[in-house]
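> Let's see this in three dimensions:
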Amino acid sequence: MNNHYRILIKGKNPSYFLSLLISMHISIYHKEESPTGLILEINEKDYQKITAIKTSYKIIVLNRYGFLKLQYLFSKYFVFLFGLIFFFMILFFLSHLIFSVEVIHSNYEIRSIIYQDLKKFGIEKFNFKVSYEEKEEIVQKILKKETEKIEWLEIEEVGTKYVVHVEERKKNKEKEECSPRNIVAKKDAMILDIQAEEGEVIKKRLDYVKKGDIIISGLIYNKEDIVAKRCAIGKVFGEVWYQVNLSIPKRYHEEKVTGDKKSQLEIEFLDSTYHLFSHYKSYRKQSIAILASRILPIRFLFSTYLETDVVDKKYNLENIDSMAYELATNKLLDKLSEEDEIISKKILKKYEKDSKIEVEVFFRVKEDITDFVDISNIDITKENQQEEE
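Below is the predicted model of the structure:
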């Protein structure tokens, strides 16, 4: 029996009322007596017959079962459920609207151009957000349209706001005049590549140089005499050695942000948070309170879920190498420029110390070792006379 009622009959001598129900062929599935009256369980059809009887006995519904329960709850909380669904529909609608577009660049003209292009392709205030694929397509269209002015463009979605980062294309400028100078080694290294545009190259590939050694001279010679001073222009790359020391815990925990994110509006009531969409298995959450009640324990939040990749590992001397290379490489890259390149790497030493593993990693790096020394104060005449003497 799924759909049935549990009722309480209150009044003087409820057993008399029970006998009346039996005479009416009312099916009673369960009966028990309580200090307050007689408790019965009956089906829906018989309950309607009982409520139609004119009697002085008080009939109270204690519980409903099956579909009757759902029907009762729905009718009781209909207004609340309807309001809640309507509210979430509004939140869903608002969360897919663009409330602000900001182009970040110091040049007003560039900002104006990008704002116009974004508007042309449908990205403007109070329009609906576009999908990731549409956003990337818009980026490519703007770059193609403004190829002479724009070098790079990125549209970042931050909640209900689009933040546009843009880089202006630098036009080729005429070479700036510079004073006479030598190109020297910035640090001790073995020369791997010399890219000389102006000046006299006095070193060659695979030569070892110390800090300050001249590689491209701004002094121009004719046989043994200096005939001119020039601004040496060029770039020199050399092999430089680095050693990176690490202390890695044997139990390693790291939480990396993957770059994927979801934004949505939420309701926080008491200690619970309600939202329309599921979030990531592992995430970091950033929330901003939009509206809070001073009377009820309820707040409306705009939340951004950042997906994370959690790494939990136990390390020993046998499995530490890959992690050591990754951490050491990242640590070294912070010191290098974009043009520098790691040639090779090797673990020199590793040993356990307390709860950590100490690792020494050796790197060979192709690095820009270009430095400059001003030679404006050199007197060509005096230098040539000293050579003759």
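
> how about the helix ranked longest in the chain: buried residues?
Looking only at the chain and at elements set by DSSP state H, the helix with the highest residue count is helix 78-95. Residues of helix 78-95 classed as buried under the neighbour-count rule (16 or more other Cβ atoms under 10 Å) are 88, 91, 95. All C-beta atoms are positioned from the backbone trio N, CA, C, and that covers glycine.

> Let me have those in CSV, adding pLDDT and distance to residue 256 as columns.
Formatted as CSV, the entries for those read as follows, by pLDDT from 0 to 100; distance: Cβ to Cβ, whole Å:
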residue, pLDDT, distance to residue 256
88, 75, 32
91, 74, 30
95, 75, 26
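
> Count the residues that sit near residue 331.
For residue 331, the tally of surrounding residues (other Cβ atoms under 10 Å) stands at 14.

> pLDDT at it, what is it?
The predicted structure scores residue 331 at 92 on the pLDDT scale.

> I figured it hits residue 244, correct?
Yes: checked against Cβ atoms under 8 Å, the pair residue 331 and residue 244 is within contact range at 5.5 Å.

> lowest confidence element among the helices and strands of this structure?
Of all the helices and strands that make up the chain, the one with the lowest confidence by mean pLDDT, DSSP states H and E is helix 380-388; it has a mean of 72.

> which residues of this structure score low on pLDDT?
Counting by pLDDT under 70, the chain shows low-confidence ranges at 1, 171-177, 276-278, 293-296, 387-389.

> biggest strand in it by residues?
When every strand of the chain is counted residue by residue (DSSP state E), the longest turns out to be strand 251-269.

> Tell me the buried residues in it?
In terms of neighbour count (16+ other Cβ under 10 Å), strand 251-269 has its buried residues at 261, 262, 263, 264, 265, 266, 267, 268.

> For the helix or strand just after that strand, which outside residues touch it?
For strand 251-269, the succeeding helix or strand toward the C-terminus, using DSSP states H and E, is strand 272-274. Residues from elsewhere that reach strand 272-274, judged by Cβ atoms under 8 Å, 6 or more residues apart in numbering: 266, 267, 268, 301.

> Looking at these, spot the one nearest residue 27.
When those are compared for distance to residue 27 (Cβ to Cβ), residue 267 wins out at 44.9 Å.

> hang on, that closest one packs against residue 302?
No: counting by Cβ under 8 Å, residue 267 sits too far from residue 302 to count as a contact (11.4 Å).

> Neighbouring strands - and their directions - for the longest strand of the chain?
Partner strands for strand 251-269, per DSSP bridges, with pairing direction: strand 272-274 (antiparallel), strand 298-314 (antiparallel).

> And the next helix or strand past the longest one?
Past strand 298-314, further along toward the C-terminus, the next helix or strand under DSSP H and E is helix 321-333.

> which helices and strands does that following helix pack with?
Taking 3 or more Cβ pairs under 8 Å, 6 or more residues apart in numbering; DSSP states H and E as contact, the helices and strands that helix 321-333 lies on are strand 233-249, strand 341-353, strand 356-368.

> Any buried residues in stretch 206-221, and which?
Using 16+ other Cβ under 10 Å as the burial criterion, the residues of stretch 206-221 that qualify are 209, 213, 214, 215, 216, 217, 218, 219, 220.
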